[in-house]
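Asker: curious how this folds, go ahead:
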Amino acid sequence: MKRRFGDGPVSRLLSAVFDLVVINVLCIVCCLPVFTAGASLSSGFLAAREVLIDGGTGAMRVFFRGFRENFRQTALLTLGSLVVLAALFCDFLLLRLYFEGALYTVLLIVLALITFFFIAILSYALPLITRYSNTLREHLHNALILCILYLPRTILMVFLNVLPVLMFLLLPYAFVYTLVFWLMLGVGVIQLIDAVLMRDVFDRLEGGRIRSK
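Answerer: Modelled structure (predicted):
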């Protein structure tokens, strides 16, 4: 199918950038109600995979198809994740209030590891939901296995997925200076990198018991 900017290399680049902008804006806007964040991020991943990697067309159409098809599971996952994040934040506050010294350091490291693996499971679970027909429990079980099996890749994915939040909390001035990038392309770029990182993971899973959609 002919692309909107033509078929030359520059035209394909412009088309890819345009699709990234569409995915980025849709992800941000659809995350605003909060409980739709999981559906939004999973749909952005789906659009990045099908349009930018697999060569499909219609980023907006793919995004909303994924949003509609996966809304129930991703909404449940989002609500559960908000509860877990609130609990982890409360644990952090309790550590700051009631512990100090070596014990505080040890408990803080344990809490950081728990938080890391929680985010890692989410980083795999959302892409799995877009591709396979399983229960939410099975998706989470598979995500846990994958995040351990592909640990170096997991570390990179977690870092990328929390990068905007880390910049906002730790480097607010840098975040403000790059705000236009995040509003126009940043989230879409992260979704694209996640899709690239997950590509061979999907390839290795295709022959297993997990059923593809």
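Asker: list the contacts of residue 126.
Answerer: 38, 41-42, 45, 74, 77 (CB atoms under 8 Å, 6 or more residues apart in numbering). Every C-beta, even on glycine, is put in place using the N, C-alpha and C of the backbone.
Asker: give the rounded mean pLDDT of the helix or strand harbouring it.
Answerer: Here residue 126 sits within helix 101-131, counting by DSSP states H and E. Mean per-residue pLDDT for helix 101-131: 95.
Asker: how far does that helix sit from the chain's center?
Answerer: 14 Å (CA atoms, centre = their mean, to the nearest Å).
Asker: same deal with stretch 126-145?
Answerer: 13 Å.
Asker: and that stretch, which residues are buried?
Answerer: Neighbour counts using 16 or more other CB atoms under 10 Å place 126-132, 134, 139-140, 142-143 of stretch 126-145 among the buried residues.
Asker: next one: stretch 112-126
Answerer: Buried, per 16+ other CB under 10 Å, within stretch 112-126: 115-116, 118-126.
Asker: buried stuff in stretch 84-104?
Answerer: Those would be 91, 95, for stretch 84-104 by 16+ other CB under 10 Å.
Asker: how far is that stretch from where the chain is centred?
Answerer: Worked out by CA atoms, centre = their mean, stretch 84-104 lies 26 Å from the chain centre.
Asker: leaving out chain neighbours, which residue sits closest to residue 161?
Answerer: residue 123 (5.4 Å; CB to CB, 6 or more residues apart in numbering).
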